[in-house]
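[1] Would you be able to build a 3D model of this:
(2 chains)
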Amino acid sequence: MTETVVTRFAPSPTGFLHIGGARTALFNWLFAKAHGGKMLLRIEDTDRARSTEEAIQAILDGLRWLELDWEGEPVYQFARAERHRDVADKLLADGKAYRCYATPEELQAMRDKARAEGNSPGYDGTWRDRDPALAPDGIAPAIRFKAPCEGETIIEDRVQGRVTFANKDLDDFVILRSDGSPTYMLSVVVDDHDMGITHVVRGDDHLTNAARQTQLFEALDWQAPIYAHVPLIHGPDGAKLSKRHGALGVEAYREMGYLPVALRNYLVRLGWSHGNAEIISTDEMISWFNLEAIGRSPARFDFTKLESLNRHYLRAMSDEEIVSHLKALVPHLPNADDLLDRIGDEGWDQLERAMPGLKERAKTLVDLLESAEYLFLKRPLAPDEKASKLLDRDGQETLAQLLPELQSVDPWNVTEVENCLRAFAERTDRKLGKVAQPLRAALTGRTTSPGIFDVLDVLGREEAVARIVDQTKHS
RNA sequence: GCCCCGUUCGUCUAGUGGCCUAGGACGCCGGCCUCUCACGCCGGAAACAGGGGUUCGAGUCCCCUACGGGGCGCCA
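    Take a look at the predicted model:
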């Protein structure tokens, strides 16, 4: 049965890979994988003024970071302009397109008039049947597609269902600008055809375009791909996602300390579901993904849920793997040099040993780094305000008494350290908390940290004792 | 303005005419656990936009209204 599925992700490089684009890419990738097909990448760089090399790199990096791979080399749309022009010429020769000499002013007047009359503000077809001999001198014409005026164009959309457009509402759009450059509408159709795209999965802001593109496919006598228009992602307030919300580049999510696996899970569940499944592995996504289960209404982006997923994946990940993620992340952080400097060479090992207590508490890699800070502080520590309160006369007294006991712990490990602390607390008739809290303050400079026994263990006897001494000698 | 699409707890959603006194997840609230913070566990509040139909029976089908979104470029 199987015609191979070929999807494509086709961003225009006018900015970073934003979250909506990332989801579109993910859906295309999943759909292709689910059907043993392939996803192609096409850079829609026909807008020369706004396309940048920087944006292209950002998009490629973003996809790689998300681990969404594409087949072969990216196709650059602008490089195919000659081919697009040939198709426009063919349409012209076949009488399916025509030269339009309308000026921008005339077009604007046309739109204003239509709107005033309560009609769709499209091109009115002035040059559609006008005698080319009437063409004004010195004006280079644009080429417009001669769209059908009657009947309807129907899209059998895999997400939206059957969507019907009356042809009278669709105007004669430009396929070749007066400077000879092809427009998006033409380029997309030619490229999708030439690239053998079987399924177009994209944002539903393209739904109307699908109708126009279908008309072009028909005029060219080519088979149109199957369309699936997925609803856009909205911000927390229900309005279109803007920078203010979370329409950040995916690299921003990386810098916030999110894991690719978590972002993929979050994104796939945003607008798509598989029963009550929430935690979905990449393999499961691939085997379960289908276009029909994509919802038809826009979803709001929710950082809190992303965080929760990220926390889950962090906790499930091996200590070693987290460290390697951290190593990859740190250079991208704003304070990279400082961090690298403080962690040093041995820091990574220490980090890995402290990881069980750290990852349990972190939502993001950045959180994790933050709560690991106690490992890399230089003595003497400067306790924060709350920690200082714990190091009052009473606290210092406790620590002073505890010190010799700790010094004689042997061997120095979590179990022995715990035994020592518990025995000390019991013998001196203190609750464990009365001992642990001042100790935590002295060891980390804060009132919260991983378990105190783990902190002692990871710091090592020498450093731990020194930090305690630092905080008790000024009493 | 015109065209298209949508509307289940705060959010993401399950639900395809009877299994729904509407389920799950995140968040929120309360409790337990406890060396802090988390985790974990237990419990709780919380939704079918409104109105008409169709049907023995509607969250599920139809219509209208309201609200939300998208599109309407010689941008993509």
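[2] show me the contacts for the residue of the stretch 201-350 of chain A at minimum distance from RNA strand B.
    Residue of the stretch 201-350 of chain A nearest RNA strand B, by C-beta to the nearest atom of the strand: A:Ser297 (2.6 Å). Any C-beta I mention is one placed from the backbone N, CA and C, and that applies to glycine too. Counting by C-beta atoms under 8 Å, 6 or more residues apart in numbering, A:Ser297 touches A:Pro231.
[3] So it versus A:Asn265, what's the distance?
    21 Å (C-beta to C-beta, to the nearest Å).
[4] And A:Glu463, by the same measure?
    From A:Glu463 to A:Asn265 the distance is 38 Å (C-beta to C-beta).
[5] Please apply the same query to A:Arg64.
    Per C-beta to C-beta, A:Arg64 is found 18 Å from A:Asn265.
[6] neighbour count winner among those two?
    Remark: of A:Arg64 and A:Asn265, A:Asn265 carries more neighbours, 24 against 12, as counted by other C-beta atoms under 10 Å.
[7] Is the residue of the stretch 201-350 of chain A closest to RNA strand B located within a helix, as I assumed?
    No. Read with DSSP: H, G, I helix; E, B strand; the rest coil, A:Ser297 is coil and lies in no helix.
[8] chain center to the helix or strand of chain A with the lowest mean pLDDT: distance?
    Every helix and strand in chain A was compared by mean pLDDT, DSSP states H and E; the lowest is helix A:104-116, with a mean of 76. Helix A:104-116 has its C-alpha centroid displaced from the chain centroid by 40 Å (C-alpha atoms, centre = their mean, to the nearest Å).
[9] Next, the buried residues of it.
    Across helix A:104-116, burial judged by 16 or more other C-beta atoms under 10 Å covers A:107, A:110-111, A:114.
[10] Now distance to RNA strand B too, for those residues, in TSV please.
    Below are the buried residues of helix A:104-116 laid out as TSV (distance: C-beta to the nearest atom of the strand, whole Å):
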residue	distance to RNA strand B
A:Leu107	6
A:Met110	9
A:Arg111	5
A:Ala114	7
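[11] ok, so of those, who is nearest A:Val174?
    Closest approach between these and A:Val174, by C-beta to C-beta: A:Leu107, at 9.9 Å.
[12] For that closest one, which non-adjacent residue is spatially closest?
    Among residues not flanking A:Leu107 along the chain, A:Tyr123 sits closest, at 7.0 Å (C-beta to C-beta, 6 or more residues apart in numbering).
[13] Then A:Pro13?
    Per C-beta to C-beta, 6+ apart, closest to A:Pro13 is A:Ala55, 3.8 Å.
[14] Number of residues surrounding A:Glu463?
    Other residues lying near A:Glu463 total 15 when counted by other C-beta under 10 Å.
[15] did I read that right, it in a strand?
    No. Counting by three-state DSSP, A:Glu463 falls outside a strand, being helix.
[16] secondary structure class for the nearest residue to it once chain neighbours are set aside?
    Nearest residue to A:Glu463 in three dimensions, chain neighbours excluded: A:Arg379, at 7.8 Å (C-beta to C-beta, 6+ apart). Here A:Arg379 is recorded as coil under three-state DSSP.
[17] What of the one 4 residues further on?
    The assignment at A:Pro383 comes out as coil when based on three-state DSSP.
[18] Then A:Val200?
    Here A:Val200 is recorded as strand under three-state DSSP.
[19] Quick check: pLDDT value at it.
    Looking at A:Val200, its pLDDT is 97.
[20] The residue nearest to A:Pro13: how many residues sit nearby?
    20.
[21] Which elements pack onto the strand or helix carrying A:Met185?
    Secondary structure from DSSP states H and E places A:Met185 in helix A:184-194. Applying 3 or more C-beta pairs under 8 Å, 6 or more residues apart in numbering; DSSP states H and E, one finds that helix A:184-194 contacts helix A:81-93, strand A:174-176, helix A:207-220.
[22] what comes into contact with that helix?
    In this structure, residues lying in contact with helix A:184-194 by C-beta under 8 Å, 6+ apart are A:8, A:10, A:42, A:44, A:46-47, A:75, A:77, A:80-81, A:83-84, A:87-88, A:145, A:173-176, A:182, A:197, A:200, A:209, A:212-213, A:216-217, A:220, A:222, A:225.
[23] so what's A:Gly238 closest to, chain neighbours aside?
    A:Arg300 (6.3 Å).
[24] again, but for A:Leu216
    Per C-beta to C-beta, 6+ apart, closest to A:Leu216 is A:Val189, 4.5 Å.
[25] can you map out the strands along chain A?
    A:6-9, A:38-43, A:75-76, A:97-100, A:142-145, A:152-157, A:161-166, A:174-176, A:199-203, A:226-230, A:233-234, A:299-300 (DSSP state E).
[26] Look up how far A:Ala277 lies from the residue nearest to A:Leu216.
    37 Å.
[27] who has more neighbours, the two?
    Using other C-beta under 10 Å as the criterion, A:Val189 and A:Ala277 rank with A:Val189 on top: 26 against 14.
[28] And that one, how close does it get to A:Leu326?
    Separation of A:Val189 from A:Leu326 (C-beta to C-beta) stands at 46 Å.
[29] okay, and for the stretch 51-200 of chain A, where does confidence drop off?
    A:124-125, A:132, A:135 (pLDDT under 70).
[30] residues from it in reach of RNA strand B?
    Selection of the stretch 51-200 of chain A residues close to RNA strand B by C-beta under 7 Å from any atom of the strand yields A:77, A:100-104, A:107, A:111, A:115, A:118-123, A:141-142, A:160-161, A:163-166, A:169, A:171, A:173-174, A:177-179, A:181, A:183-185.
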